[in-house]
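Novice: Give me a 3D structure for the following:
(2 chains)
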Amino acid sequence: MTVLRHKSGHFLHTFGCAALARFLLSYSQTRLKGNHNMANFFNEMTADEVGTDSKVREHYREFNNWLEQQSPETIARKRAEADLTFRRVGITFAVYGDDAGTERLIPFDTIPRIIPAAEWAQMQTGLVQRVQALNMFIHDIYHEQNIIKAGIIPAEQIYKNAQYRPEMQGIAVASDIYAHIAGVDIVRAGQGEFYVLEDNLRVPSGVSYMLEDRKMMMRLFPELFARNRIAPVDHYPDMLLDNLRSVAPMGVDDPTVVVMTPGMYNSAYFEHAFLAQQMGVELVEGKDLFVNDNSVYMRTTRGPKRVDVIYRRVDDDFLDPLAFRSDSSLGVPGLLSVYRAGRVTLANAIGTGVADDKSIYPFVPDMIKFYLSQEPILNNVPTYQCRKAADLSYVLANLPKLVVKEVHGAGGYGMLVGPASSLAQIEDFRQRLLANPDGYIAQPTLALSACPTYVEAGIAPRHIDLRPFVLSGKTISMVPGGLTRVALGEGSLVVNSSQGGGTKDTWVLEATSAFAGEKTC
Amino acid sequence: MLSRTADHLFWMARYTERAENTARMLDVNMQTSMLPQSEQDAEQGWRATLGISELQSAYDHKYGRFHTRDVLDFMVRDPNNPSSILACLTGARENARAVRGTLTTEVWEIQNATWLDMQKRLKSNLLETDPSAFFEWVKYRSHLSRGVTLGTMLKDEAIYFIRLGTFLERADNTARILDVKFHGARDTSKDITQRDFYYWAALLRSVSGFEIYRKVYRDVITPERVAELLMLRGDMPRSLLACMDDVVENLKHIRNDVSADTERFAGKLHAELKFGHIDDIMKAGLHHTLTEFLENIYELGNRVSRDFLVPLAA
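Specialist: Purely as a prediction, here's the structure:
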């Protein structure tokens, strides 16, 4: 695995392309070595043994039967229709740079990614467990710091982290929840095991594409939904609103919720507007809000109106020019002081970035054991912390097979992709590792699973990942599935967020028993 | 509603309406330029069109000389001319995009589709080969946008700000068209020649008023009646009075703690039209009356911004 972490300003990215960018890179890098044979990867639709790809997995069988009956012309027509609709509806993302002002579509693939009920149930339990532990961790490090006192995470791993916000120390937040919305990136590798690639706990995006992809599939292929028992996802905005209302400041009975966006030229603006509309709440920019008398107000046509919960899609750094970056015009002066006084809820909380940082990532399984006394259900990608002597010697002995990255590096800077590097580069990194082992971690290069996808030449397997969206408030909830992203290019080396991959509808097939239950009603 | 949201809605409506009126003016000028006339007259007609939007100097600065094709280019697809159809429809769409969550999906899709389609149409040479078809299309899209707004949006503040923008802009545009055309007319006495008939008929057509005139007056066209129809008839949908009816009505719906004075201001303007008589207006001077009206409309727009759209206490 190679890692390209988000640079500052998550919100400047096209919906969280870091992970996708990462696997595009690792994919293309391996391919450079000439050993990237799609048959070597776990195939979501067909059995993975080489040469036996005629065997379709059970949960794909109904879909495959249907697909075989479709003429290429029908599919082509439907795909064109999808494109046209997305453009008319304006489901686009803004492009920065040369063509500023132009809007692009995110390619949509009409072959769904299908997950059987049992697999999802397992994943869901694992996600609840993981996100619960992460929230407890964030609360802990801003309060008692038991996990540091217990010697499980070294103190400097927390304090030296740029994402750790001392402003949050000792501050009580509603229900002790920090990451109200988490986008946990999950990949599948090897023989089909799931791994968590990263926990996005700041401002994860992409959920609007999950919803729009479903709407599009239902519009294009209604018959598929009659033939398969596909768990619905459309109630996500209701769940989100419910969740946001549940974490309002103490004593507020009927909270006013808003969505805060950096503005219409932000690449994810569509999603911000979409979620505000679906929840029926105001979409505000920083300049619409002001602080007065220790409360946050929005400027309305009928005068100031108090705001209780802000679902902010603006990074920590830009929230309050008085507290963080003073050159930011996106934020609200004085917001932090109202927040610290517990008079407004920010979702997600300030300072969650410390928990999804790659230097903290290796500790998540330990957190689960520490806070919940449970065994982790979801795997971490094995990570070697070079600050440990045993790990370091393993890494030094296996450099050509591994991906090595700087703990606090960003944007792929100071990273070694072993399988794609020259001997000289590897040697150079060996010296750096020896000089400063604390500054590095290493991971094996994973072989990601693939799903059949339309490409120019027809249908071919392409690598995918999955981002379920986990909501935490009074309870932890999520809709079945999430956003499936697919790396469309065969070996494209351009790892640019604006040229990232495409998306697929994600189906969680309901167990047959659910239907049997209905009949008895 | 957020002040900024109201501001975007207000301007979305104004730009949509302005695009329509620009198309109407250009279309009617295309029609009249087909009449037998001297080159000076033809140029005069196009210059008057530029004059309506106070764009003569901007045009001269850019082109230096007069050419019909250049005027069309300038008024249709010049992104730097804030009154060009391209600029208006882009402005409408940008404002809609900023508040797409407040609009119904249908309203947003119409705005977006219009903008997408406009680019396609301007790339093809439709404007050169069949300008009227292009202008028809602009009008049609404006109708569609108004219709889908009325047909799908909840009757709450959002729609009142949209309607307010529409009618303020329309009042402004109708007054401008009337003012410039009256100025440009050779003769505004009661007995007009056949040549002038086409002039006034074209003006009426530009505001979809030709058939209405026939229905209302059942008589020959006279400049004075044209002015009366476009100013004082409350049943003529593009007249100043009709526009002010709607302005006053919508202002009432969005009333807040500080807007009483603005309502009074609009009410006075409305009353002057409602109880005005065309003879008095002609006596006082039509140009004078219209100039004053335009100044008042401008002031009213400012007051709306101040009361509702510009941020209140910070």
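Novice: Around chain B, which positions in the stretch 301-450 of chain A sit nearby?
Specialist: Residues of the stretch 301-450 of chain A lying close to chain B (Cβ under 8 Å from any Cβ of the partner chain) are A:301-304. Using the backbone N, CA and C atoms, a C-beta is placed for each residue, glycine as well.
Novice: pLDDT score for residue 53?
Specialist: Reading this off chain A. Predicted confidence (pLDDT) for A:D53: 49.
Novice: was after chain B, sorry
Specialist: For B:S53, the predicted pLDDT is 81.
Novice: Also A:K358?
Specialist: Among the per-residue scores, A:K358 holds a pLDDT of 80.
Novice: Mind giving me the packing neighbours of the helix or strand in which A:A460 is found?
Specialist: According to DSSP states H and E, A:A460 maps onto strand A:458-467. Helices and strands touching strand A:458-467, as assessed by 3 or more Cβ pairs under 8 Å, 6 or more residues apart in numbering or on different chains; DSSP states H and E, comprise helix A:18-32, strand A:108-115, strand A:181-189, strand A:450-455, strand A:483-486.
Novice: And it, how far out from the chain middle?
Specialist: Using Cα atoms, centre = their mean, to the nearest Å, we find the averaged C-alpha position of strand A:458-467 to lie 17 Å away from the chain's own average C-alpha position.
Novice: tilt between that strand and strand A:181-189?
Specialist: 130 degrees (axes from the mean of the first three to the mean of the last three Cα atoms, to 10 degrees).
Novice: Next secondary structure after strand A:458-467?
Specialist: Following the chain from strand A:458-467 toward its C-terminal end, the next helix or strand by DSSP H and E is strand A:469-472.
Novice: tell me which residues in that following strand are buried?
Specialist: A:469-472 (16 or more other Cβ atoms under 10 Å in any protein chain shown).
Novice: Could you do stretch A:145-159 as well?
Specialist: Of the residues in stretch A:145-159, those buried under the neighbour-count criterion (16+ other Cβ under 10 Å) are A:147-148, A:153, A:157-158.
Novice: For burial, what's the neighbour tally of the residue of the stretch 1-150 of chain B found nearest chain A?
Specialist: For the stretch 1-150 of chain B and chain A, the shortest gap (Cβ to the nearest Cβ) falls at B:G101, measuring 3.4 Å. Counted by other Cβ atoms under 10 Å in any protein chain shown, the residues lying close to B:G101 total 21.
Novice: Could you do the one 4 residues further on as well?
Specialist: When neighbours are counted by other Cβ under 10 Å, B:T105 registers 13.
Novice: I'd say it and A:V89 touch.
Specialist: Yes - contact criterion Cβ atoms under 8 Å: B:T105 and A:V89 qualify, at 7.5 Å.
Novice: Now, the buried residues of stretch A:145-159 that are in helices?
Specialist: Assigned to helices by DSSP state H, the following of those qualify: A:147-148, A:157-158.
Novice: Out of those residues, which comes closest to chain B?
Specialist: After measuring those against chain B - Cβ to the nearest Cβ - the closest member comes out as A:I158, at 37.9 Å.
Novice: list the contacts for that closest one?
Specialist: The neighbours of A:I158, taking Cβ atoms under 8 Å, 6 or more residues apart in numbering or on different chains as the test, are A:141, A:145, A:148, A:164, A:354, A:360.
Novice: quick one: it and B:D73, what's the gap?
Specialist: According to Cβ to Cβ, to the nearest Å, A:I158 and B:D73 sit 63 Å apart.
Novice: Burial check on the nearest residue to A:F42 once chain neighbours are set aside, number of neighbours?
Specialist: The spatially closest residue to A:F42, leaving aside those adjacent along the chain, is A:S449, at 4.0 Å (Cβ to Cβ, 6 or more residues apart in numbering or on different chains). For A:S449, the count of nearby residues is 24 (other Cβ under 10 Å).
Novice: Could you pull up the residues touching A:K388?
Specialist: The contact partners of A:K388, taken as Cβ under 8 Å, 6+ apart, number zero.
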